[in-house]
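S.K.: here are the coordinates; sequence isn't available:
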RNA sequence: GCCGGGGUGGUGAAAUUGGUAAACACAGGGGACUUAAAAUCCCCCGGGCUAACGCCCUUCUGGGUUCAAAUCCCAGCCUCGGCACCA
């Protein structure tokens, strides 16, 4: 029979599916017709605007990798689906091309980044077109383009004017290999995120954005935004809000007389203050010199020097022995009135809380370890159940209980005790309730070359003067020797003719800031720029921004859960407060996609399991590759890439092609039609939930049904399938759509098929029959069969009957359309 | 250590959210077509017992709830992410 069909279609025999021909044709057509680009007029007046965003790539020399394509395809499927629903979808793509990545690579191969980046961008653009994304290339952007970073600098100025940018000398993480300052976020377990070199501590003047001013708001808003749960959790952990108290301890002479100095500590357990038997300052604490006695000065100086050298590397290792040194100074425990010694130790960090702690070795494990190491007294002030004031402590007790050895607070239960003791401290003027955040201010300056210059001019008379807006952009000059050195001074300091400039305020000779800004500042606002790239005189056009933002759906990797996503939320909030935006959360919906792994491990050059996409696309086509990637597993969980796996989707597209080309006119077969409607329904429901793998499986199943027994399909059966596959395989969908006689692109107009609920219901159902919960047979009954008749039929089933004969029926459970369960005993 | 995600065939994974476990694919085996290969098509494919109808076992392990558990509860093991001396 299939032979006969082949014969019928002999005029079509040469038209077997050839992905590259089809894909080239449609990529050309889209370009020619402007299918994927919005006009300025559309941007200004679209009735149903939908902003589909994905994370723009850093254009590496290696080109797009499978992970990029996976992420972009997942977002593109969603965007194309929304478009077919009749929305005007804006799906831009750009390049995050500044930063240390490009700079390091340029240094390595000895090419200037200004030459390297355009070549990489060109290659990326070619590859991005090849995968068939619905990208609006008329509204692309590149962060290294002066017309873009002009506005990055403008944002810096806005924060500067608002008092949210400040320069201060700060102990910073210094990577001796990259020769640059790293943000705390770029330090992983004491080592540089990029090169794994242990980080040192240095004091350098740095520009900071005061993101901590927004900590509470950044945290509170997490309750209202529709983001992936894991991302929300990561953000909230990163902000790290904790409630506690600041307690003031007076510094005293050994004889108990006050020195006039006092030290504040931060604690989440003010209720254990009676058990504070010593105090520990961070080695960098400003009062260390003040409290140190002459005979201890040398030891302290030595310890501080050691701490500085090893700093974040060893300091962040938990499982090491506690070290420290006694200052010779004392302070008074405000609760007990007793003098307690002041130590310094590197387990106390200067940049958390106040950089000083009251040590309660009885109820804090770190303090306990320190006290044990240096033979300091351990006092019990909390007794758990079955314990009393004298139960010895073999380790810190942190569980529930009530206070002991705490004067008239004895007996207060622990959660209550925190409040009571804080109030007591407040009444007596030595403490107050405080909220503390783990989040640090954002250090945005880099002593590197490949970034936008920070638009500040340093004048001896006027101080730090912002570059006037009309002088923006401050163009990054071409400096041939841009290699960073150990001095901690940025390469731009070598461009004397560039940095020498008159002060905008007094006209005196002054110098430009030679630090450049962090890449995360570039990517912190790019989504605002995309819809307004037609405008040169403002970063984002107010009218267009009102129409298109916030972003409707943002899909990206969870590796940016804290940094990029936090910074862009912060900048959006600031711009709102300054009156430039009327919303404060940039992304309505954010979904984190999973990771593509190969051979059970993350793809990486060092593992040698990186898959290069180009040859696969060449052989099987972008459509098959897209489907395969989306078919691997749940999009939000990622999947394991196997080279052979693409055969499935590839064969599927071949069969789809043949089926459509051989389709006849005529009415659909009722049972096939039912399957088609079921499939349309399922895919319609699952795409918005990113249930791509199951959508594809449903379409495969549907095509199997259409073709079952070698039957020839009708046009009405296949047409909806072409439409619902279109978001996944846009090229073949266009070609087949065209073949069926449609003039316009399948993506123009609302071509998503509707389904008819009444055509979905089956007239007969299979009902499982169980005896005591074990499957003993199945029966097929008409959907409308009355319950009692279903049970009669079930009881009559041959195999079931064997089990029912033997025992007494106690109960019958009937789940309509699903099963009958006889409970016998 | 803390916070998340997850453990289902040889493999990637499904499972209407408590109702026939393994859909859809990959790999493997067998067959058809072909001079041959590729492509395509058809059949088999969790384990055990059986000539067969069937039966027993099976969703990391052990308990529990229920007529019914991959799904809910308790305990434990493993794994992958994130944070981590954060007071």
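M.R.: Received, thanks. On a predicted model such as this, the values are computed, not experimentally measured, just so you know.

S.K.: which strands or helices does the strand or helix carrying residue A:552 pack on?
M.R.: Assessed by DSSP states H and E, residue A:552 sits inside strand A:551-557. Strand A:551-557 is packed against strand A:49-54, helix A:66-84, strand A:587-593, with contacts defined by 3 or more Cβ pairs under 8 Å, 6 or more residues apart in numbering; DSSP states H and E. Heads up, the C-betas are built off the backbone N, CA and C, glycines and all.

S.K.: winner for burial among the ones you listed?
M.R.: helix A:66-84 (a mean of 25; mean count of other Cβ atoms under 10 Å).

S.K.: and that helix, what does it pack against?
M.R.: Going by 3+ Cβ pairs under 8 Å, 6+ apart, helix A:66-84 lies up against strand A:49-54, strand A:88-90, strand A:551-557, strand A:587-593, strand A:595-598, helix A:622-631.

S.K.: follow-up on the earlier one: and the strand holding residue A:552, which strands flank it?
M.R.: strand A:49-54 (parallel), strand A:587-593 (parallel) (DSSP bridges).

S.K.: which of these has the lowest mean pLDDT?
M.R.: Lowest mean pLDDT of the strands paired with strand A:551-557: strand A:587-593, a mean of 93.

S.K.: tally of neighbours for the residue in the stretch 601-750 of chain A that RNA strand B sits nearest to?
M.R.: Closest approach between the stretch 601-750 of chain A and RNA strand B, counting by Cβ to the nearest atom of the strand: residue A:648, at 2.5 Å. Using other Cβ atoms under 10 Å, residue A:648 has 15 neighbouring residues.

S.K.: ok, and it, which helix or strand is that part of?
M.R.: Residue A:648 belongs to helix A:647-661, assigned by DSSP H and E.

S.K.: all the strands of the stretch 251-400 of chain A, residue numbers only.
M.R.: All strands of the stretch 251-400 of chain A, identified by DSSP state E, counting those that start in this stretch, fall at A:258-267, A:278-281, A:325-332, A:339-344, A:356-359, A:382-383.

S.K.: any idea of the mean pLDDT for stretch A:596-615?
M.R.: On average, stretch A:596-615 scores 78.

S.K.: can you list the helices and strands packed on helix A:66-84 in TSV and add distance to residue A:772?
M.R.: Converted to TSV, the helices and strands packed on helix A:66-84 look like this (distance: least, Cβ to Cβ, whole Å):
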stretch	distance to residue A:772
strand A:49-54	52
strand A:88-90	54
strand A:551-557	48
strand A:587-593	44
strand A:595-598	43
helix A:622-631	39
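
S.K.: out of these, which gets nearest to RNA strand B?
M.R.: Across those, closest to RNA strand B is helix A:622-631 (Cβ to the nearest atom of the strand), at 6.5 Å.

S.K.: tilt between that closest one and helix A:647-661?
M.R.: 130 degrees (axes from the mean of the first three to the mean of the last three Cα atoms, to 10 degrees).

S.K.: can you give me the angle helix A:622-631 makes with helix A:66-84?
M.R.: 100 degrees.

S.K.: just the residues contacting helix A:622-631, thanks.
M.R.: Helix A:622-631 has contacts (Cβ atoms under 8 Å, 6 or more residues apart in numbering) with A:19, A:22-23, A:66, A:69-70, A:73-74, A:76-77, A:130-132, A:596, A:613, A:616-617, A:620, A:645-646, A:648-650, A:652-653, A:692-693, A:696-697, A:728-732.

S.K.: can you pull out the helices in the stretch 51-200 of chain A?
M.R.: Assigned by DSSP state H, counting those that start in this stretch, the stretch 51-200 of chain A shows helices spanning A:66-84, A:100-109, A:113-130, A:146-161.

S.K.: now the second one: how far from the chain's centre is it?
M.R.: Distance, stretch centre to chain centre, for helix A:100-109: 25 Å (Cα atoms, centre = their mean, to the nearest Å).

S.K.: the last one too?
M.R.: Once both centres are worked out by Cα atoms, centre = their mean, helix A:146-161 turns out to sit 24 Å from its chain's centre.

S.K.: show me the contact partners of that helix.
M.R.: Contacts of helix A:146-161 (Cβ under 8 Å, 6+ apart): A:98, A:141-143, A:165, A:209, A:444, A:452-456, A:466-467, A:469, A:472-476, A:517, A:521-522, A:524-525, A:529, A:536, A:539, A:571, A:574-575, A:578, A:580.

S.K.: buried subset of the residues you listed?
M.R.: A:98, A:141-143, A:165, A:209, A:444, A:452-456, A:466-467, A:472-474, A:476, A:517, A:521-522, A:524-525, A:529, A:539, A:571, A:574-575, A:580 (16 or more other Cβ atoms under 10 Å).

S.K.: which members of those occur in helices, if any?
M.R.: A:521-522, A:529, A:571, A:574-575 (DSSP state H).

S.K.: just to revisit the earlier point, got the helices and strands packed on helix A:66-84 as CSV, with distance to RNA strand B columns?
M.R.: Output for the helices and strands packed on helix A:66-84, formatted as CSV (distance: least, Cβ to the nearest atom of the strand, whole Å):
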stretch, distance to RNA strand B
strand A:49-54, 19
strand A:88-90, 26
strand A:551-557, 10
strand A:587-593, 9
strand A:595-598, 7
helix A:622-631, 7
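
S.K.: next, format the helices of the stretch 51-200 of chain A as a markdown table and append distance to residue A:437 and mean pLDDT.
M.R.: Putting the helices of the stretch 51-200 of chain A into a markdown table (distance: least, Cβ to Cβ, whole Å; pLDDT from 0 to 100) gives the following:
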| stretch | distance to residue A:437 | mean pLDDT |
| --- | --- | --- |
| helix A:66-84 | 31 | 95 |
| helix A:100-109 | 27 | 85 |
| helix A:113-130 | 36 | 94 |
| helix A:146-161 | 19 | 96 |
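
S.K.: can you redo these as CSV with distance to RNA strand B?
M.R.: Compiled in CSV, the helices of the stretch 51-200 of chain A are given as follows (distance: least, Cβ to the nearest atom of the strand, whole Å):
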stretch, distance to RNA strand B
helix A:66-84, 12
helix A:100-109, 17
helix A:113-130, 23
helix A:146-161, 24
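
S.K.: how is chain A partitioned into domains?
M.R.: As assigned by automatic domain parsing, chain A contains the domains A:152-210+A:441-520, A:242-436, A:643-759, A:762-824.

S.K.: and these as JSON lines, adding distance to residue A:630?
M.R.: Formatted as JSON lines, those follow (distance: least, Cβ to Cβ, whole Å):
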{"stretch": "domain A:152-210+A:441-520", "distance to residue A:630": "30"}
{"stretch": "domain A:242-436", "distance to residue A:630": "40"}
{"stretch": "domain A:643-759", "distance to residue A:630": "4"}
{"stretch": "domain A:762-824", "distance to residue A:630": "29"}
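
S.K.: fine, thanks again, bye for now.
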